[in-house]
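Participant: make a model of this:
(one chain, ligands or ions: 1)
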Amino acid sequence: MQSTQSAKTAFFKAFGEGGKIRVIRAPGRVNLIGEHTDYNDGFVCPMAIEPQVVIASRFRDDGIVRVASTAFEGEVAQFSIEQKITRGEPAWANYFRGVAAELEAAGIPLTGMDALIDNTLPVGGGLSSSAAIEVGAALSFLTLAGLEMDRDRLALICQKAEHEYAGVPVGIMDLMIVATGKAGCATQYDCRSGTRQFVKIDSNDLRVVIANTMVRHELTGGEYAQRRRQCEEGAAWFAKQNPGASIKALRDVTMKMIHEAEGKLDDTILRRCRHVVSENLRTTEAVTALAQSKYERAGELMIQSHRSLKDDYEVSCPELDFLSSEAMKVKGVYGARMTGGGFGGCIVALVRPRDVDALTAQLEKTYQEKFNIKPAVFATTATAGASVVE
Ligand code: GLA
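Facilitator: This next block holds a predicted model:
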């Protein structure tokens, strides 16, 4: 894992030595269960992970923001906080522009800065590198201005930045967990009420393994926005059919209503809705199972979640299906499923600690044989949300 020192070294190389350097870390995330439920007012259960973004920054008194990244060596993005901030090139710096613009819009006084992003999260890997950069950028601006902000508010501001500047209508899950994750725990989050329940993930008992298909997932491709629209269409249909039920989102729809809709509601919309409604039930049940150390049950629910995402929500792909089913062939694996938006990215598996090596070996070997690509497989503990390191 990259260190504070390596981020500072890269910073000095890009911007020169001297001055007081602030360092922020912002983790990636993996979602254990509760997929495509966040924008339906539903339940999610993510945790922050070890791979992370580290941002080193230094105050500038001229209102200029310059951003460099170890992932794009030699490129420096530049804008001024004293002028209207717009999207621009290079595109990777739009997260920074977006966060600066939305902080300003929220009335937060910003200062100029030089900032260096050092990232060990795979870009487009479905582990929320964008959310980590956004939350890290927001914390950098706040830290240099000597300010603090409630983390839930910070997550909402970053979500707005992603909507307006990256053009993806994401839900709150990624920003929330990157900003507020608790070490050693996954968080069940109610995306309607904003309430949380922490679920202990004791790594002596249970390990979380992530395997990256190395197939890039692209949420900007329009599929994500399309799924959101289909959910809204479904919620509106159910609201009309059940006027007394005060349905505002798919969160309010029951499995009984889903069954009654068969043959009446368009089949694609029905399947999208069935995924969301059943996934909410699976998520709350899986959280209870995890809290009671009933890992077999939690694992079964993860497998059902994958099937639902594949068949009803149609956001999986052959690589994700393959890794999930290969994982289940290994002794000691309780459950495995695609995680995140889909169309590539990663799977997540829950496994008995002593079987992590066997799982890793199995996935690396069989995936390479089948797709001729080496997947990145690693175990991770649940880490704390973003923090100021120095
Ligand atoms: C992406 C989005 C999240 C969430 C997931 C699917 O990661 O950023 O808000 O919708 O997809 O669960």
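Participant: show me what from the stretch 101-250 of the chain comes close to the ligand.
Facilitator: Applying Cβ under 6 Å from any ligand atom, we find that the stretch 101-250 of the chain lies next to the ligand at 170-171, 173-174. Where you see a C-beta, it was placed from the backbone N, CA and C, and this is true even at glycine.
Participant: what would the residues you listed look like in a markdown table with neighbour count?
Facilitator: Output for these, formatted as a markdown table (neighbours: other Cβ atoms under 10 Å):
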| residue | neighbour count |
| --- | --- |
| Val170 | 22 |
| Gly171 | 20 |
| Met173 | 29 |
| Asp174 | 30 |
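Participant: is it fair to say Ala68 lies in a helix?
Facilitator: No: according to DSSP: H, G, I helix; E, B strand; the rest coil, Ala68 belongs to no helix; its state is strand.
Participant: for it, which non-adjacent residue is closest in space?
Facilitator: Once flanking residues are discounted, Ala68 sits nearest to Ala14: 4.1 Å by Cβ to Cβ, 6 or more residues apart in numbering.
Participant: number of residues surrounding that neighbour?
Facilitator: Ala14 has 20 neighbours, counted by other Cβ atoms under 10 Å.
Participant: and the pLDDT at the residue of the stretch 201-350 of the chain found nearest the ligand?
Facilitator: Going by Cβ to the nearest ligand atom, the ligand is nearest to Gly341 of the stretch 201-350 of the chain, at 3.4 Å. The model reports Gly341 with a pLDDT of 94.
Participant: then Gln2?
Facilitator: Gln2 is assigned 62 on the pLDDT scale.
Participant: burial of Asp202, as a residue count?
Facilitator: Neighbour tally, Asp202, other Cβ under 10 Å: 13.
Participant: pLDDT on the longest strand along the chain, on average?
Facilitator: Ranked by residue count, the top strand of the chain under DSSP state E comes out as strand 46-60. Mean pLDDT, strand 46-60: 98.
Participant: if we can go back for a sec, helix, strand or coil for the residue of the stretch 201-350 of the chain closest to the ligand?
Facilitator: On the basis of three-state DSSP, Gly341 is classed as coil.
Participant: any idea how far it lies from Ser130?
Facilitator: According to Cβ to Cβ, to the nearest Å, Gly341 stands 11 Å off from Ser130.
Participant: mind checking which of those two has more residues around it?
Facilitator: Neighbour totals were compared for Gly341 and Ser130, and Ser130 leads with 27 against 23 (other Cβ under 10 Å).
Participant: circling back to that earlier point, tilt between the host helix or strand of the residue nearest to Ala68 and strand 46-60?
Facilitator: Assigned by DSSP states H and E, Ala14 belongs to helix 4-15. For helix 4-15 against strand 46-60, the angle by axes from the mean of the first three to the mean of the last three Cα atoms, to 10 degrees is 40 degrees.
Participant: adjacent strands (with direction) for the helix or strand just after helix 4-15?
Facilitator: Using DSSP H and E, the helix or strand that follows helix 4-15 towards the C-terminus is strand 22-31. Counting by DSSP bridges, the strands paired with strand 22-31 are strand 46-60 (antiparallel), strand 387-388 (antiparallel).
Participant: in the longest one, what counts as buried?
Facilitator: Residues of strand 46-60 classed as buried by neighbour count (16 or more other Cβ atoms under 10 Å): 46-58, 60.
Participant: now, which of the residues you listed sits nearest the ligand?
Facilitator: The closest of the buried residues of strand 46-60, once distances to the ligand are taken by Cβ to the nearest ligand atom, is Pro46, at 8.7 Å.
Participant: I figured that closest one hits Val30, correct?
Facilitator: Yes: with contacts counted by Cβ atoms under 8 Å, Pro46 reaches Val30, the gap being 6.5 Å.
Participant: circling back: any chance of a markdown table for the strands paired with strand 22-31, columns distance to the ligand?
Facilitator: Output for these, formatted as a markdown table (distance: least, Cβ to the nearest ligand atom, whole Å):
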| stretch | distance to the ligand |
| --- | --- |
| strand 46-60 | 9 |
| strand 387-388 | 21 |
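Participant: and the ones you listed as TSV, adding distance to Ala186?
Facilitator: Converted to TSV, those look like this (distance: least, Cβ to Cβ, whole Å):
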stretch	distance to Ala186
strand 46-60	4
strand 387-388	18
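Participant: so which of those strands comes closest to Glu104?
Facilitator: Closest approach to Glu104 among the strands paired with strand 22-31 (Cβ to Cβ): strand 46-60, 16.0 Å.
Participant: now do the strands in this structure.
Facilitator: Per DSSP E, the chain carries strands over the ranges 22-31, 43-44, 46-60, 64-69, 76-80, 112-119, 185-190, 196-200, 207-212, 333-339, 346-351, 376-380, 387-388.
Participant: partner residues bridging Arg207?
Facilitator: Going by DSSP bridges, Arg207 forms beta bridges with Val351.
Participant: wait, isn't it in contact with Pro353?
Facilitator: Yes: between Arg207 and Pro353 there is a contact under Cβ under 8 Å: 5.0 Å.
Participant: which of these two has more neighbours?
Facilitator: Taking neighbours as other Cβ under 10 Å, Arg207 and Pro353 compare with Arg207 leading, 21 against 14.
Participant: what's near enough to touch the more buried one?
Facilitator: 350-353, 356, 379 (Cβ atoms under 8 Å, 6 or more residues apart in numbering).
Participant: make a ChimeraX selection of the buried ones in those.
Facilitator: To isolate the buried members of the contacts of Arg207 in ChimeraX, using 16+ other Cβ under 10 Å:
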select :350,351,352,356,379
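Participant: need the contacts of Arg207 in a markdown table (columns: distance to Gln5).
Facilitator: Listed next are the contacts of Arg207 as a markdown table, based on distance: Cβ to Cβ, whole Å:
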| residue | distance to Gln5 |
| --- | --- |
| Leu350 | 34 |
| Val351 | 33 |
| Arg352 | 35 |
| Pro353 | 31 |
| Val356 | 29 |
| Ala379 | 25 |
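Participant: what about the ligand: which of the contacts of Arg207 touch it?
Facilitator: Of the contacts of Arg207, not one also sits near the ligand (Cβ under 6 Å from any ligand atom).
Participant: among the contacts of Arg207, find me the one that's closest to the ligand.
Facilitator: Distances from the ligand to these, taken by Cβ to the nearest ligand atom, are shortest for Leu350, at 17.6 Å.
Participant: sounds good, over and out.
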